[in-house]
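Undergrad: fold the following for me, if possible:
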Amino acid sequence: MVLTFSIALALILILAISASAEPEDDFETEPGDSLDAEALEEGTDSLGVDGPGPPGRRRDGEGERAIETRGFSFWGSTHPDLSIRVSRRKDVTNWETRLALKERLSSRLSFNLSAALNTRENTTLNRSDSNDGVTTGLKYNLSEMLALGVRYNSKVTAFRYSLDKKEPDEKKGKEEVLVSAELNRYLYPGVDMHLSMNAGATRNAYGSVSNTGSRKDLAASVSYMPNSSLRSSVSYTAKSTLIDSDVDSSGATVFSSRDESFAHDLAFTVAYDVQPGIKLSVDASRNERKKERPDPVRLEQETEMRRARRAGASVTFDIWPRFRWDMSMRFGENVNLFDLQEDRDNSNRSADFAGSARIQSWRGATMNLGGSWDKSRNTYKTPETGDNVHKSLSLKLNQGLGAKADMNMTLLSDLTSVMYDNKKKNPKDRDRIDSKITMAVNYMPVAAVKTRLGGEFADEQTVYTEAAQSWNNRNTRRFRVTGSYDIKTYRDVGLTQNYDISAVYVFYQYGENRNTLMRNSNIRTRVTFPLARKLNVNVNHQYKFQDQGGYREIDGERLYARSSERETNILAINLRYVPVKSLKLSVRSSYQLQRNYKYKEGVKRFDYEIPTREISGKVSFNHKWGDRTSIAISVEQNRREGTRVSEAFRSFRNIEFEATHVF
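TA: Next comes the predicted model:
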């Protein structure tokens, strides 16, 4: 009844009042996310009228663009914002419609409405997902310190595993009505207090489970800052839900439970500038959560308990011109317990110390020294229970070699130890030692020429403690040399080449027949031709070579039995034309040929080759009319042909349109 009345109230307010508002991230629900009681623990704004971002915004990566954005005005100065976003990238199409209203009805009363409709279709997977949400609320400021509010929140997620289906295969939904109060008070110089409370009704449905109940939240914090050198705060939050859950099967209730969930979080932080150049910070927190929910498989109530504690401190010394020192230490503990799924019980304890120093030891040089130690204890009801210990040391040196050159060098050393309690069922105790040194020299003889030469050596040694696992003891060594140069010639014609040569050896202490060697060579060349002020052409070529096989060293003699080779050539031409500032045209064509060879009885034999051709063209137009209106159009056509199934005659088009106007 409360939810129905609130929905009717929200619709009346929408028809009678109009404003613009920022929608909220509270609606963001990726496909597969649970909308059970755990989702109610996420938390929302205490008054629910101002959110951090738009509802239902998907972060799908590339290709998200607005196809139309419009605003209209009615009844005075109210300006609702309506936007429709459409994008298609290859075989994925996204639709997004958003409505945002925010209106200050009086000096103390304000109204908020935000809504989002989102759909994503994937023709390759033959699947469609949608996320829809609505939030609306009223906020009333009784005074500068105290405010009251009411909020309605609804979201629905639907999944269709076939685009031809009209009804979703799976549907999840959540509704909430919350009444809120917020208090912000300045107690005395340097002390501020914040208090907020939420209470209301909630309804939730996912899969075969549905529930209704109540929700209560409390958040309180006190901050103390008597001066600019000392900053401290204490905060506490509590969230509680009490819901009646039903598990349905073929329209009949087969199991019911009364589920209570709560969360308590306490945090403390202090930051103190002892004196100029010396800073100290301390923080600690404690969290406890209990969640009850029905298990639709076991038809019983599952109870999950989570506890966590954290504490840390750090100090910084920066009082000498050529020396800076940082040190930190942290401790933590997590415990997770389950009533039904006891095999999932686990706990983790961790502690770590870290320190670093920056030293300007001599002219033109800067050294950075660092070290850390951390240990974690993982406890499970499986043979995986054990300890992990990690130690590391690092040295970084940057040295100026005059006005035209500089050098940098890095040395790293890591020791990781893995130790299990049950040596019989899990005899995989081991140590891994990693060492690496890298060095590079940059030299720029003239402004138009840049060069770089670098090298790297890395050694990884893995040693198992148990004799039964010693056959896995191995060393992995990597040698690498890199170089590059960049030249600008007549009329800004540019030439760039990069060289990369490496070899990776894997030695087994007990089992030389498993030793391997892999060698890689990579040369990339790029030539840039500015044919005209508005026309630019790039020619790129890349050559890659790799061979691998077995490797042995007998009486100082190196024996290498090559088993395979791979040779790849890639040639690409890019053309870019900008006739006017707002219009850009580009064309790219590439050809790739990969040849693979195998060795049989020492004889090199051709195995197979993979040719791939690709051509693409793109036109983009961007224009602004004043400071309020803009339009952007982009059309891209791509065709790719190859012998692989994923590349054979694959053609796709990307179209994007965006129009915006600020009223």
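
Undergrad: distance of Glu182 from Glu144?
TA: Using C-beta to C-beta, to the nearest Å, Glu182 is found at 12 Å from Glu144. Every C-beta, even on glycine, is put in place using the N, C-alpha and C of the backbone.

Undergrad: comparing the two, which residue is more hemmed in?
TA: Using other C-beta atoms under 10 Å, the more surrounded residue of Glu182 and Glu144 is Glu182, with 20 against 9.

Undergrad: mind listing what that one touches?
TA: Remark: with contacts taken as C-beta atoms under 8 Å, 6 or more residues apart in numbering, Glu182 is in contact with Ser46, Leu47, Leu146, Ala147, Leu148, Gly149, His194, Leu195, Ser196, Met197.

Undergrad: check the fourth one and give its pLDDT.
TA: When you say that, I think you mean Ala147. According to the prediction, Ala147 has pLDDT 94.

Undergrad: so Arg358 is in which element?
TA: strand 346-359 (DSSP states H and E).

Undergrad: I'd like the next helix or strand past that strand.
TA: Downstream of strand 346-359, the first helix or strand assigned by DSSP H and E is strand 365-380.

Undergrad: tell me the buried residues in stretch 181-199?
TA: Neighbour counts over stretch 181-199 (16 or more other C-beta atoms under 10 Å) mark Ala181, Glu182, Leu183, His194, Leu195, Ser196, Met197, Asn198 as buried.

Undergrad: quick check: the farthest pair among those?
TA: Farthest apart among those by C-beta to C-beta are His194 and Asn198. That separation is 14.0 Å.

Undergrad: got the contact list for the closest residue to Leu559 other than its chain neighbours?
TA: Nearest non-adjacent residue to Leu559, counting by C-beta to C-beta, 6 or more residues apart in numbering: Arg552, 4.6 Å away. Residues near Arg552 by C-beta under 8 Å, 6+ apart: Glu512, Asn515, Arg558, Leu559.

Undergrad: list only buried entries from those.
TA: Buried members of those, scored by 16+ other C-beta under 10 Å, are Asn515.

Undergrad: can you give the domain ranges for the chain?
TA: 1-253, 269-348, 569-663 (automatic domain parsing).

Undergrad: could you dump those into JSON lines with distance to Lys488 added?
TA: Shown next, in JSON lines, are the domains of the chain (distance: least, C-beta to C-beta, whole Å):
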{"stretch": "domain 1-253", "distance to Lys488": "32"}
{"stretch": "domain 269-348", "distance to Lys488": "38"}
{"stretch": "domain 569-663", "distance to Lys488": "18"}
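
Undergrad: deepest-packed of these, please.
TA: Neighbour counts (mean count of other C-beta atoms under 10 Å) averaged over each of these peak at domain 1-253, with a mean of 17.

Undergrad: mind listing what the spatially closest residue to Ile655 that is not a sequence neighbour touches?
TA: The shortest distance from Ile655 to any non-neighbouring residue, by C-beta to C-beta, 6+ apart, is to Val635 (5.4 Å). Val635 sits next to Lys618, Val619, Ser620, Arg653, Asn654, Ile655, Glu656 when contact means C-beta under 8 Å, 6+ apart.

Undergrad: farthest pair in these?
TA: Of all pairs in these, the most separated under C-beta to C-beta is Ser620 and Arg653 at 14.0 Å.

Undergrad: helices or strands up against the helix or strand harbouring Ser586?
TA: Take DSSP H and E as the rule and Ser586 turns out to sit in strand 583-600. Helices and strands touching strand 583-600, as assessed by 3 or more C-beta pairs under 8 Å, 6 or more residues apart in numbering; DSSP states H and E, comprise strand 557-580, strand 603-625.

Undergrad: 10 Å - rerun?
TA: The helices and strands touching strand 583-600, judged by 3 or more C-beta pairs under 10 Å, 6 or more residues apart in numbering; DSSP states H and E, are strand 535-554, strand 557-580, strand 603-625, strand 629-642.

Undergrad: what's the mean pLDDT across the first one?
TA: Model confidence over strand 535-554, given as mean pLDDT, is 91.

Undergrad: could you tell me the least trusted of the domains of the chain?
TA: With a mean of 73, domain 1-253 has the lowest mean pLDDT of the domains of the chain.

Undergrad: what's the closest residue to Thr489 other than its chain neighbours sitting at in phi/psi?
TA: Take Thr489 and drop its neighbours on the chain: the residue closest to it by C-beta to C-beta, 6+ apart is Leu495, 6.9 Å away. Dihedral angles of Leu495 (phi, psi; degrees, to the nearest 10) stand at phi -130, psi 130.

Undergrad: how close does Leu495 get to Leu142?
TA: Distance of Leu495 to Leu142, given as C-beta to C-beta: 71 Å.

Undergrad: out of the contacts of Arg552, which is nearest to Val506?
TA: Asn515 (6.2 Å).

Undergrad: need the contact list for that closest one.
TA: Shown in contact with Asn515 (C-beta atoms under 10 Å, 6 or more residues apart in numbering): 474-475, 505-508, 549-553, 559-561.

Undergrad: if you set the cut-off to 8 Å instead, what comes out?
TA: The neighbourhood of Asn515, defined by C-beta under 8 Å, 6+ apart, consists of Tyr505, Val506, Phe507, Tyr508, Gly550, Tyr551, Arg552.

Undergrad: and the first one, how many neighbours?
TA: Other residues near Tyr505 number 17, with proximity taken as other C-beta under 10 Å.

Undergrad: in the sheet, who's paired with it?
TA: Arg477, Leu517 (DSSP bridges).

Undergrad: what pLDDT does it get?
TA: On pLDDT, Tyr505 comes in at 94.

Undergrad: right, and it touches Tyr551 too?
TA: Yes. The pair Tyr505 and Tyr551 qualifies as a contact (C-beta atoms under 8 Å) at a distance of 6.5 Å.

Undergrad: shared neighbours, the two?
TA: Residues touching both Tyr505 and Tyr551 by C-beta under 8 Å, 6+ apart: Asn515, Thr516, Leu517.

Undergrad: burial measure for the last one, as a count.
TA: Applying other C-beta under 10 Å, we find 21 other residues in the vicinity of Leu517.

Undergrad: partners of the helix or strand hosting Leu280, with directions?
TA: Take DSSP H and E as the rule and Leu280 turns out to sit in strand 278-295. Paired with strand 278-295 in the same sheet, following DSSP bridges, are strand 252-275 (antiparallel), strand 300-320 (antiparallel).
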